[in-house]
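> heads up, no residue letters with this:
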């Protein structure tokens with residue numbers, strides 16, 4: 001039985017009394033205690049002592065000890081309730097200290113006891129002692145240890161140890177201990193939550209919902225009707241336009257053969273092939289000469305132009321001082337440079353030159369088919385031509401360079417005129433575009449697109465409409481005004497602006513057909529058309545990630561800031577036009593981006609100042625501010 005004093009309080013006992021109530025034959029072990037400033041975080045040697053009777057003495061010794069020592073553990077039903085009460089009423093025992101030590105000692109139910117929900121049939125971790133049970137036995141005989149003088153001496157030493165430990169530790173270790181205790185408490189609470197049955201049931205329900213939802217979307221993809229290339233088609237006259245630059249590899253391995261197969265499927269007499277190549281330094285010209293020779297042998301009308309003028313020559317042909325030339329601006333880098341978009345628009349219009357010439361001679365075409373330097377098949381083109389039952393102002397494929405991300409972000413705008421939410425399926429932010437894409441419709445409504453292959457009615461390109469100035473206004477590719485690009489640092493793709501200018505866009509609609517997927521390499525094409533297009537290109541995992549990433553992005557991101565910057569700059573540019581508002585207007589606001597693009601000798605580059613110049617300006621501004 002535990003000795004009690006007449007005042008009802010437990011008092012420190014002698015070393016011999018404590019040893020009598022303690023079992024100390026457990027071997028020494030190494031236990032690390034993280035977060036405790038003890039010997040520079042080294043492992044401490046512990047001896048496990050099981051206090052069966054002297055609980056108050058254990059608590060007082062624990063209070064006066066350092067963080068290293070012998071672990072006192074109450075292991076009986078009779079001791080546990082009194083142990084709990086003593087720990088709650090003693091303010092000098094840090095709660096987080098008890099919790100951390102008991103946690104590292106892996107004592108069962110330590111966290112439950114600490115939260116006040118205790119089970120007296122469990123073992124409760126208490127504290128850490130600076131006592132060595134094997135060395136605490138007195139050298140004197142037991143009769144001497146039980147003598148009043150020995151008890152007085154031991155009690156005095158206990159009180160000295162108690163008073164010396166009452167000095168509070170430094171504030172920073174104490175704060176660190178509290179923070180570590182809080183973190184450990186949160187971690188333990190989270191662990192209990194994850195192991196609880198309600199949480200597991202909820203996780204199971206959510207997992208099943210997500211899986212079934214993904215399977216539902218995947219079934220739409222796998223069950224979509226495949227295009228039948230053998231189905232009889234009405235006779236269509238199709239003008240095929242292609243543009244190339246350093247594409248020899250894909251031309252030789254895929255593009256030439258695909259064009260020849262397409263010509264045979266459509267009928268040699270029903271097509272006209274127009275190809276324009278400019279400035280390539282690889283084997284592109286030779287590859288296109290091979291195509292030209294085969295088309296000639298088969299009697300196919302065509303025009304293959306191989307332009308010797310390189311990008312370097314374009315860049316070096318700087319206008320003279322004071323000379324105004326379309327496409328040339330003074331960039332933020334302080335140089336006169338030629339813009340990329342007007343250059344591309346001019347080349348695309350060169351591919352349409354024969355269409356306009358034949359139209360003036362009375363020969364009409366039904367469709368203009370624009371082919372980028374992509375891997376495609378005849379079945380892809382025929383499926384694209386049948387998009388939305390053949391009723392559209394433009395029908396575009398989806399292009400991929402590095403699947404699963406699509407490629408042409410510059411030209412694609414959803415049904416609300418916004419850029420895509422992300423480059424992975426289901427791509428779009430607007431409800432109409434996203435819903436159609438997730439339904440795997442062959443006609444996803446958008447404001448503009450290009451994306452590898454585009455089919456457009458030829459009528460707008462052939463129309464001879466008189467404008468206000470009396471000139472002929474037919475649909476053509478263009479860039480934004482040079483002054484808008486120079487003064488407002490805004491740019492827009494010619495492949496987006498052509499849909500803005502197309503009078504049929506509002507009447508018939510512009511669509512992306514996700515069932516037609518092309519690639520800029522054989523590997524990319526195979527990745528999005530597994531099994532020759534017979535396999536499912538969207539895995540369950542990709543669907544799950546895409547659906548939930550899109551939901552998170554729609555909540556956490558917005559295009560409002562970007563749109564506000566663009567519209568603000570556009571309004572300022574229009575206001576600077578004075579009375580001549582016609583020259584200061586741009587209706588393709590959805591196509592505009594806060595960016596500048598210029599031509600360089602090996603391609604194109606952004607026209608913003610280089611990073612080192614930004615850093616220099618910031619440094620000079622900082623030094624100027626300090627000097628003031």
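Okay, I see it. This is a predicted model, so every value here is computed, not measured. Residues are numbered from 1 along each chain as shown.

> So residue 311 sits against residue 598, correct?
No - look at residue 311 against residue 598 with Cβ atoms under 8 Å: they stay out of range, at 10.9 Å. For glycine as for every other residue, the C-beta is placed from the backbone atoms N, C-alpha and C.

> Just the strands from the stretch 151-300 of the chain, written as ranges.
Along the stretch 151-300 of the chain, counting by DSSP state E, counting those that start in this stretch, strands occupy 238-244, 271-278.

> Pull the residues that contact the first one.
Taking Cβ atoms under 8 Å, 6 or more residues apart in numbering as the criterion, the residues outside strand 238-244 that touch it are 251, 255, 259, 262-263, 266, 270-278, 280, 284, 288, 347-348, 351-352, 354-355, 365-373, 458.

> can you list the weak-confidence ranges in the stretch 451-600 of the chain?
For the stretch 451-600 of the chain, the stretches with pLDDT under 70 are 464-472, 578-583.

> The stretch 251-400 of the chain now?
Residues of the stretch 251-400 of the chain that meet the cut-off, pLDDT under 70, do not exist.

> Show me the helices in it, by range?
256-266, 284-297, 311-316, 340-351, 353-360, 378-385 (DSSP state H, counting those that start in this stretch).

> quick one: residue 392 and residue 512 touch, right?
No - using Cβ under 8 Å, residue 392 makes no contact with residue 512, being 10.4 Å away.

> From the neighbour counts alone, determine which of these two ranks first.
residue 512 (30 against 22; other Cβ atoms under 10 Å).

> Double-check that one against residue 453; I have them as touching.
No - counting by Cβ under 8 Å, residue 453 is not a contact partner of residue 512; they are 11.0 Å apart.

> returning to what we had before: between residue 311 and residue 598, who's got more neighbours?
residue 598 (24 against 21).

> What helix or strand is that one located in?
Per DSSP states H and E: residue 598 is located in strand 597-600.

> C-terminal to that strand, what's the next element?
Counting by DSSP H and E, the next helix or strand C-terminal to strand 597-600 is strand 603-606.

> For that next one, the averaged confidence score.
Mean pLDDT, computed over strand 603-606, is 88.

> partner strands of it, parallel or antiparallel?
strand 597-600 (antiparallel) (DSSP bridges).

> Would you mark the buried spots in the strand it pairs with?
Using 16 or more other Cβ atoms under 10 Å as the burial criterion, the residues of strand 597-600 that qualify are 597, 598, 599.

> swap in stretch 226-246?
Of all the residues in stretch 226-246, those buried under the rule 16+ other Cβ under 10 Å are 227, 237, 238, 239, 240, 241, 242, 243, 244, 245.

> Leaving out sequence neighbours, find the closest residue to the fourth one.
Distance criterion Cβ to Cβ, 6 or more residues apart in numbering; nearest residue to residue 239, sequence neighbours excluded, is residue 365 at 4.5 Å.

> mind giving me the domain ranges of this protein?
15-177, 238-575+583-606 (automatic domain parsing).

> Which stretches in the stretch 401-550 of the chain count as strands?
Counting by DSSP E, counting those that start in this stretch, the strands of the stretch 401-550 of the chain are 405-406, 413-414, 444-448, 453-457, 465-466, 472-473, 510-519.

> residue ranges for the helices of the stretch 401-550 of the chain, please.
431-438, 459-462, 482-487, 494-501, 505-508, 522-528, 540-556.

> Highest mean neighbour count out of the ones you listed?
helix 494-501 (a mean of 24; mean count of other Cβ atoms under 10 Å).

> That helix - contacts with which helices or strands?
helix 340-351, strand 444-448 (3 or more Cβ pairs under 8 Å, 6 or more residues apart in numbering; DSSP states H and E).

> Please name the strands paired to the last one in the sheet, noting orientation.
Under the criterion DSSP bridges, strand 444-448 sits next to strand 413-414 (antiparallel), strand 510-519 (antiparallel) in its sheet.

> Go through those strands and name the closest to residue 577.
Residue 577 lies closest to strand 413-414 among the strands paired with strand 444-448, at 25.6 Å (Cβ to Cβ).

> Mean confidence (pLDDT) on the closest one, please.
Mean pLDDT, strand 413-414: 98.

> List the contacts of it.
Contacts of strand 413-414 (Cβ under 8 Å, 6+ apart): 419-420, 427-430, 432-434, 446-449, 496, 590-591.

> Stretch 559-578 too?
With contact meaning Cβ under 8 Å, 6+ apart, stretch 559-578 is reached by 418-419, 429, 483-484, 487-490, 581, 583-586, 589, 592-594.

> mind listing the helices in the stretch 101-250 of the chain by residue range?
Taking DSSP H, counting those that start in this stretch as the criterion, the stretch 101-250 of the chain carries its helices at 110-114, 142-145, 148-165, 171-195, 197-222, 248-250.

> rank those helices by pLDDT, which is bottom?
Among these, helix 110-114 carries the lowest mean pLDDT, a mean of 40.

> burial count for residue 603?
By other Cβ under 10 Å, the residues close to residue 603 number 11.

> if we can go back for a sec, turn the strands of the stretch 151-300 of the chain into TSV, including distance to residue 328.
Compiled in TSV, these are given as follows (distance: least, Cβ to Cβ, whole Å):
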stretch	distance to residue 328
strand 238-244	22
strand 271-278	18
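
> Which of those strands sits closest to residue 380?
Taking Cβ to Cβ, strand 238-244 is the member of the strands of the stretch 151-300 of the chain nearest to residue 380, at 13.7 Å.

> partners of that closest one in the sheet?
According to DSSP bridges, strand 238-244 forms sheet pairs with strand 271-278 (parallel), strand 367-371 (parallel).

> Stretch 398-414: which residues count as buried?
Counting neighbours by 16+ other Cβ under 10 Å, one finds that the buried residues in stretch 398-414 are 398-400, 403-404, 406-414.

> just stretch 335-346 next, same as before
In stretch 335-346, counting by 16+ other Cβ under 10 Å, buried: 337, 338, 339, 340, 341, 342, 343, 344, 345, 346.

> While we're on the nearest residue to residue 436 once chain neighbours are set aside, how confident is the model there?
Nearest residue to residue 436, sequence neighbours excluded (Cβ to Cβ, 6+ apart): residue 444, at 4.3 Å. pLDDT for residue 444: 98.
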